[in-house]
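1. Could you work out the structure for the sequence below:
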Amino acid sequence: FDPLDEDGHGTHTGSTVAGIEVPGQVGQGVAPEAQLYAFKVWDVGNSTDDVLVAAYERAMDPNQDGSLSDAVDVLSFSGGVTYGTLNSLEARAAQRVVDLGTVFVASAGNSGNQAANGSAYVTGTPATARGVVAVAASIDEFLALVLTINSTTAPPAPALPDGGQTVHQSWSGAIPTGGWTDDLFDGRAVDANVAAQFCSPLPAGSLTGQTVLVHRGSCAGSLKTFNAEAAGAAVLILINNVPGAPVALGSGGETVTIPAFMISQADGGALLGEISPNAPPTFNDVTVNATIGDVPQPIAGFDDALTGFTSEGPARLTNDLKPDISAPGLSIAAAAVGTGNESIQFSGTSMAAPHVSGVATLLRQLHPTWSPAQIKAVLMNQAEIDMKNADKTAPAPATAMGSGRVQAFESASARSVAWPGSLSFGFAPTPTEWSAVRTFQVRNFDNRPHGYTVTASDRYSDFDPAVTSVEVSLNGNTFGASQSFNLTRGKTRQV
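-> Model (predicted):
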C-alpha cells in the first residue's frame, strides 16, 4: 500500500490522532507519541471491499510474518457506506479485527439525523459492527464569520434566523482584509438544478464579477467553486443542505483562487426569498447588498451540540445502538497535506473518529490488558451525556449521539467499567405489551472496594415517557428502579 496522501483526508485524520504540534499553526494530536501505520484505501474516487479488508488484514500483521504479535492496538477508519448492517463484508471484517484484540474506531457517516430533517438507520458500515466504536460528530466551540445585510431594494431587510453565521472554506481564496461587501446573486438564474447546482461547467462569463449563492447539493463544494470561478464569479456562498450550523467542507482537489463560504440552510433560504421573491420563473428581482466580516467570532450555544450532518442510527436489522459515542467533528483544524507545517479545516464524522481513536490509544497504553470491549465501554461510560441537537433543542437522542461526547480525562481516571457500553432491546411494534431481559457486567479495577448503585431511567426525545419502563435486578428475579451492591478489588458483578 502506498501511504502518500492524495486529497488531504488521511493527513488530516492522522494528525488528529497523533500529530506533532506546530506552534501557531497546528495543534498536537490526541496521542502525539503514538506510532502511526498508514494503509491507503482511497486514491481518487471510492474504494472497494477487497481493498478495505486487505488494509484491515495488514494492520493486524504489519510485517506480514504470519504472526499477530505486532498487530496495531487501535484501527482508526474514517469512511463507510450508509445504511450499514453487521453482515456487510466490511462490518464482518471489522468485527474480526475486534475479536482478535484490536480496538476498531469508525466514523458513523455524514447522512444526517431526524432532528435535522434526516432519517434514522443511516449509520454506515463498518461502524454498525457490534464491537466497533461508531463515532458521531459534535461541535466543540463554534467560531464563525458574520454575514450582515446592508441594504435591499425591497425594504425592510429580512431577518436572518441563524444570525448570518458564515464559515470560510480554507481550501479557497483568502478573505480580503476588512471582509467582503457586494450585491448577492442567486445562482439559480444560471443553473436551476438545485440538487446538482454548479456540478457541471457553466457558460463562460455567466457569473462575471458576481457574489453567488449556491445550494450545497450533491457534489463537492470545491467543484462548485471551481466551476463558478471558471464562469467569472468573484465569491461563492454555499447554502447548507441540512439545518444547524454551516460547516467547513473537504476539498475535492480542484485549484480554487476565489473565496468560498458556507451559510446555514435557514439564512440561505431567507436571502434567496428576498433576492428572488418570484422564483421560479424569474430570479434576482431584488438587489441585496451584504458584508461578510473577516474576523471569526464565537457563536454561543453550540457547545456539545450535534452537527446537522452526523448520521443517526440505530443499526439496520439488529436495532443495536449506533453510533456509540460523539466527538468534535465541525471545522476541525489539523495538518494540511503537502505543507509541512500548516493546517486546514475539515468537517465530518471522519474528523470526529480520530479524536476517539486517539483517546482509545491512550487507554490501551494505560490498560494494556483490557479487552476492546472494556476500552469501548469505559469510553461510553464516561461520556458527557448532556448534549443538544443541531438546532440546540435538547435532549439529543441516543440514536444520534450514542452515549454522549467523549471525555479523555474521565475515561483515563475511571476505576470501574460496565460493559457492554450499551444494550439493545430490539424492535417492538406498537401497540403491544412486550418485555425482554439483557445483562451487563460491572468490574472494579481499583485497589480498594467500591459501592455501586444502578438506576434505570428512560431518556427520550421523540417519544412519550409512558411508552416504556426499565428496571434492574441483581439476581434475575427481583427487579426495581435501582439496585445497590459492593465490589472488592478485581471483582465483577452481573446486573
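2. now Pro176, nearest residue through space, not along the chain?
-> Distance criterion Cβ to Cβ, 6 or more residues apart in numbering; nearest residue to Pro176, sequence neighbours excluded, is Asp294 at 7.0 Å. In short, each C-beta sits where N, CA and C put it, glycine included.
3. Name the SS class of that neighbour, please.
-> Here Asp294 is recorded as coil under DSSP: H, G, I helix; E, B strand; the rest coil.
4. where does it fall, phi/psi-wise?
-> phi -110, psi 10 (degrees, to the nearest 10).
5. measure it to Phe142 for me?
-> Distance, Asp294 to Phe142, using Cβ to Cβ, to the nearest Å: 17 Å.
6. who's more crowded, those two?
-> Neighbour count, other Cβ atoms under 10 Å: between Asp294 and Phe142, Phe142 has more, with 23 against 15.
7. can you give me the strands in the stretch 301-450 of the chain?
-> In the stretch 301-450 of the chain, the strands defined using DSSP state E, counting those that start in this stretch lie at 325-328, 332-335, 343-346, 416-419, 441-444, 450-455.
8. And these: which comes nearest Trp370?
-> strand 416-419 (7.9 Å; Cβ to Cβ).
9. Which positions within the closest one qualify as buried?
-> Of all the residues in strand 416-419, those buried under the rule 16 or more other Cβ atoms under 10 Å are Val417, Ala418, Trp419.
10. can you check stretch 285-293 too?
-> Those buried within stretch 285-293 under the rule 16+ other Cβ under 10 Å are Val286, Val288, Asn289, Ala290, Thr291, Ile292, Gly293.
11. from the residues you listed, which ones fall inside strands?
-> Val288, Asn289, Ala290, Thr291, Ile292 (DSSP state E).
12. Just give me the closest of these to Ser88.
-> Of all these, Ser88 sits closest to Ile292, with 42.9 Å by Cβ to Cβ.
13. gap between His450 and Ser371?
-> 20 Å.
14. Count the neighbours of the nearest residue to Thr16 once chain neighbours are set aside for me.
-> Nearest in space to Thr16, with sequence neighbours left out and distances taken as Cβ to Cβ, 6+ apart, is Pro354 at 3.9 Å. The number of residues packed near Pro354 is 32, by other Cβ under 10 Å.
15. who are the neighbours in contact with Pro354?
-> Applying Cβ atoms under 8 Å, 6 or more residues apart in numbering, one finds that Pro354 lies in contact with Thr13, Gly14, Thr16, Val17, Gly29, Val30, Ser76, Ser78, Val105.
16. want to try JSON lines for the residues you listed, with secondary structure and distance to Val256 as columns?
-> What follows is the contacts of Pro354, written out as JSON lines (DSSP: H, G, I helix; E, B strand; the rest coil; distance: Cβ to Cβ, whole Å):
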{"residue": "Thr13", "secondary structure": "helix", "distance to Val256": "22"}
{"residue": "Gly14", "secondary structure": "helix", "distance to Val256": "24"}
{"residue": "Thr16", "secondary structure": "helix", "distance to Val256": "24"}
{"residue": "Val17", "secondary structure": "helix", "distance to Val256": "28"}
{"residue": "Gly29", "secondary structure": "coil", "distance to Val256": "28"}
{"residue": "Val30", "secondary structure": "coil", "distance to Val256": "30"}
{"residue": "Ser76", "secondary structure": "strand", "distance to Val256": "29"}
{"residue": "Ser78", "secondary structure": "coil", "distance to Val256": "23"}
{"residue": "Val105", "secondary structure": "strand", "distance to Val256": "32"}
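17. Show me which of those residues are buried.
-> Using 16+ other Cβ under 10 Å, the buried ones in the contacts of Pro354 are Thr13, Gly14, Thr16, Val17, Gly29, Val30, Ser76, Ser78, Val105.
18. in the longest strand along the chain, what's buried?
-> The longest strand of the chain (DSSP E) is strand 143-152. Within strand 143-152, the residues scored as buried using 16+ other Cβ under 10 Å are Leu143, Ala144, Leu145, Val146, Leu147, Thr148, Ile149, Thr152.
19. out of those, what pair is the most spread apart?
-> Every pair of the buried residues of strand 143-152 checked by Cβ to Cβ; the farthest is Leu143 and Thr152, at 27.8 Å.
20. show me where the stretch 201-350 of the chain has helices.
-> Secondary structure of the stretch 201-350 of the chain, counting by DSSP state H, counting those that start in this stretch: helices at 221-230, 265-275, 349-366.
21. and those, which is most packed in?
-> helix 349-366 (a mean of 26; mean count of other Cβ atoms under 10 Å).
22. what's the average pLDDT for that one?
-> Averaged across helix 349-366, pLDDT comes to 98.
23. Only C-alpha atoms, please: export that helix in PDB.
-> Taking C-alpha atoms only, helix 349-366 is exported to PDB below (Å, rounded to 0.1, in the frame of the first residue of the first chain):
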ATOM      1  CA  THR A 349     -17.600  12.300  11.200                       C
ATOM      2  CA  SER A 350     -14.200  11.500   9.500                       C
ATOM      3  CA  MET A 351     -12.800  14.200  11.700                       C
ATOM      4  CA  ALA A 352     -14.700  13.000  14.900                       C
ATOM      5  CA  ALA A 353     -13.500   9.400  14.700                       C
ATOM      6  CA  PRO A 354      -9.700  10.100  15.100                       C
ATOM      7  CA  HIS A 355     -10.400  12.000  18.300                       C
ATOM      8  CA  VAL A 356     -11.800   8.800  19.800                       C
ATOM      9  CA  SER A 357      -9.100   6.700  18.200                       C
ATOM     10  CA  GLY A 358      -6.500   8.900  20.000                       C
ATOM     11  CA  VAL A 359      -8.200   8.500  23.300                       C
ATOM     12  CA  ALA A 360      -8.500   4.800  22.800                       C
ATOM     13  CA  THR A 361      -4.800   4.700  22.100                       C
ATOM     14  CA  LEU A 362      -4.000   6.400  25.400                       C
ATOM     15  CA  LEU A 363      -6.300   4.000  27.200                       C
ATOM     16  CA  ARG A 364      -4.600   1.000  25.600                       C
ATOM     17  CA  GLN A 365      -1.300   2.300  26.900                       C
ATOM     18  CA  LEU A 366      -2.800   2.800  30.300                       C
END
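24. Centre of the chain to it, how far?
-> Relative to the centre of its chain, helix 349-366 is centred 14 Å away, using Cα atoms, centre = their mean, to the nearest Å.
25. For Ser222, give me its contacts.
-> Ser222 neighbours (Cβ under 8 Å, 6+ apart): Gln169, Trp171, Ser172, Leu249, Gly250, Ser251, Gly252, Gly253, Glu254, Val256, Ala260.
26. what does Lys224 give?
-> With contact set as Cβ under 8 Å, 6+ apart, Lys224 has these partners: Gln197, Phe198, Cys199, Val214, Gly217, Leu236, Leu238.
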